[in-house]
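Enquirer: need a structure here:
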Amino acid sequence: MAQDVKEELKDLNLGQKIKNLRQRKGISRQQIVERTGLSKPLLSQIESEVVAPPVATLLRFLRP
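Expert: From the prediction side, this is the model:
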């Protein structure tokens, strides 16, 4: 069951979508780090889809 969830998350391509949106808006990783409080390595792992971001982390991206 846990493997199914991992596969479904992978199919969503959240990391790639976050990266594409950030790049399209011309926002650097450093700016995201400063806005969200995430570490640069964690953001890099999320964007490269090494780790799936928890919902709480995704909500940080929505802050102005």
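
Enquirer: Residue 22 contacts residue 29, doesn't it?
Expert: Yes: the pair residue 22 and residue 29 passes the contact test of C-beta atoms under 8 Å, sitting 7.5 Å apart. For the C-beta atoms, the positions are set from N, CA and C on the backbone; glycine is no exception.

Enquirer: any common contacting residues for the two?
Expert: Counting by C-beta atoms under 8 Å, 6 or more residues apart in numbering, the contacts common to residue 22 and residue 29 are residue 47.

Enquirer: Distance-wise, check residue 56 relative to residue 23.
Expert: 24 Å (C-beta to C-beta, to the nearest Å).

Enquirer: When these two are compared, which one has more neighbours?
Expert: Higher neighbour count among residue 56 and residue 23: residue 23, with 12 against 7, using other C-beta atoms under 10 Å.

Enquirer: got the contact list for the one helix or strand the more buried one maps to?
Expert: Residue 23 is part of helix 14-24 when elements are defined by DSSP states H and E. The contact list for helix 14-24 (C-beta under 8 Å, 6+ apart) reads 29, 32, 46-50, 52-53, 58, 61.

Enquirer: would you list every one of the helices in the protein?
Expert: Under the criterion DSSP state H, the chain contains helices at 2-12, 14-24, 29-36, 40-47, 55-61.

Enquirer: Give the buried residues for the shortest one.
Expert: Looking back up the chat, that one is helix 55-61. Judged by neighbour count using 16 or more other C-beta atoms under 10 Å, the buried positions of helix 55-61 are 57, 61.
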